[in-house]
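A.B. asks: Here is the input, now give the coordinates:
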Amino acid sequence: MSTRVWRWLRLALGLALIVALLPILLTPEFWSTLAGVNVPLVVVAALFSAASVISKAWRWGAVMRWRGIPLSASYLVSSYFISVFFNNFLPSGMGGDVVRAYETARDTGQRAASVIGVVIERGSGMLSLFAAGSLGAIFVPGIPTSIVLLAHGLFIGSLVGIAVLWSDAAANLLTRLTRIFPTRLRSVWDKMLRLHAEFRAYRHEWRLFVTVMAQSVVTLITTLMSVYALLLAFDQHVAFGAFAAVFAIVTAIDVIPLSLNGLGIREGSYVYFLGLLGVATEAALGIAVLVRLIVTLLALIGGLAFLWRSTRH
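C.D. replies: As a prediction, this is how the structure comes out:
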C-alpha cells in the first residue's frame, strides 16, 4: 500500500509541476522562441549526447576489464543505450543502471562485480560532474550564492561519502550490525556486506582511478557541450563555468525519484536555476523540452537494441 501511495504521489507531483509550467508553455513567446531555435546547433547537441553515451560505455568497460570481465564494445554500447531506454520508463534517472547491472550479472555470472562495476562507473561520472560544477562556482564571478553553495556542497558531500564508505570503520560497523538482524534477513544482509567488500576493493586501485577519471573528462565535455549547445541554439550566452555548476545541480535533482522519470522536476529545475543565471524563462523551458526530446530519441535506439538482444535470447 505504501509503495502504491508513493507512486501516485510522485505522479501527482510531476503533474502539478507540469501544470505550474503551463502558463509558460501556452504563451506565444514560448512557441516563437522554440520556432526560432538554431536547428543545426540542436543537431550538434544530439550528436554530443550520443557521443556521451558511447564514452560512458567505454568507461564502464574499463572498470569491468579491471575486474577480469572483458565485454565486447557492441555489448557495452548496446547495454548503455538500453539503460537510457529504461531510464525513461523507470521511476528515477538511475533505473536503467539497475537493468544494466542485472543483465551483466546474468550474462557473466559475476553478480557483485557487475553491480559494483556499474556503481563505480556511474559514481565516477557524478564525481567528475560535481567537481566541474564546484570549479565553475569558484572561477566564475557573479554566480548567485545559492548555486555556489549547492555546487560546493555536492562535490564535498560526494567526497565525504566515498571516504566514509571506503573506511575500515564503516566495514566494522556493518559487520557488527549483522548481530541485530533476524535470521530470515541474514542472507540479504550478507549480500549487502559482499557488495560493500567489493566496493572497498577499489580503494587502492589508483591506476584504475586515473584511467576512469581521465575518461570521465571526455564524457564530461561531451555531456556539458550537448546541453550548452542548446543554450547557444536559443541565443543564450552564459559563462561555461556557471552553466557547469547549474547542470551539476540539475543532474543531482534529476536522480532523486521525486516524480516518474523526473516529469516536471527536470523542467522546473532548468527554468529556476538557469533563470538565476539570467536565461529567459521561455528559453530555459525550451532547453528542458529539447533535452527530454533528445534523450527520448536515444532511448528509442536503446529500445531497438533491447528488442534485438531479446530476439537473440
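A.B. asks: For residue 305, give me its contacts.
C.D. replies: Contacts for residue 305 (CB atoms under 8 Å, 6 or more residues apart in numbering) come out as 78, 81-82, 85. Placement of C-beta: from N, CA and C, glycine included.
A.B. asks: With adjacent residues omitted, what lies nearest to it?
C.D. replies: Spatial nearest neighbour of residue 305, excluding adjacent residues (CB to CB, 6 or more residues apart in numbering): residue 78 at 4.3 Å.
A.B. asks: before we move on, what about residue 246?
C.D. replies: residue 273 (4.5 Å).
A.B. asks: roughly how far apart are the one you found and residue 238?
C.D. replies: Distance of residue 273 to residue 238, given as CB to CB, to the nearest Å: 11 Å.
A.B. asks: Counting neighbours, go ahead and name the busier of the two.
C.D. replies: Of the pair residue 273 and residue 238, residue 273 is the one with more neighbours under other CB atoms under 10 Å, namely 23 against 17.
A.B. asks: In which helix or strand does that one reside?
C.D. replies: Element membership of residue 273, judged by DSSP states H and E, is helix 265-276.
A.B. asks: So, low pLDDT: which residues of the stretch 151-300 of the chain?
C.D. replies: Residue ranges of the stretch 151-300 of the chain with pLDDT under 70: 181, 183, 259-262.
A.B. asks: List the residues that contact residue 133.
C.D. replies: 151, 154-155, 244-249.
A.B. asks: and if we set it to 6 Å?
C.D. replies: 151, 244-245, 248 (CB atoms under 6 Å, 6 or more residues apart in numbering).
A.B. asks: Quick check: of the residues you listed, which lies closest to residue 281?
C.D. replies: Lowest distance from residue 281 to those (CB to CB) belongs to residue 245, with 19.4 Å.
A.B. asks: Specify the local secondary structure of the closest one.
C.D. replies: With DSSP: H, G, I helix; E, B strand; the rest coil as the basis, residue 245 sits in helix.
A.B. asks: thinking it is in contact with residue 137, fair?
C.D. replies: Yes. Using CB atoms under 6 Å, residue 245 is in contact with residue 137, at 4.6 Å.
A.B. asks: ok, those two, which is more surrounded?
C.D. replies: Using other CB under 10 Å, the more surrounded residue of residue 245 and residue 137 is residue 245, with 31 against 26.
A.B. asks: I'd like to know how far the residue nearest to residue 143 when sequence neighbours are not counted sits from residue 291.
C.D. replies: Nearest residue to residue 143, sequence neighbours excluded (CB to CB, 6+ apart): residue 242, at 5.1 Å. Per CB to CB, residue 242 is found 18 Å from residue 291.
A.B. asks: Which one of these two is surrounded by more residues?
C.D. replies: Set residue 242 next to residue 291 and count neighbours by other CB under 10 Å: residue 242 wins out with 26 against 20.
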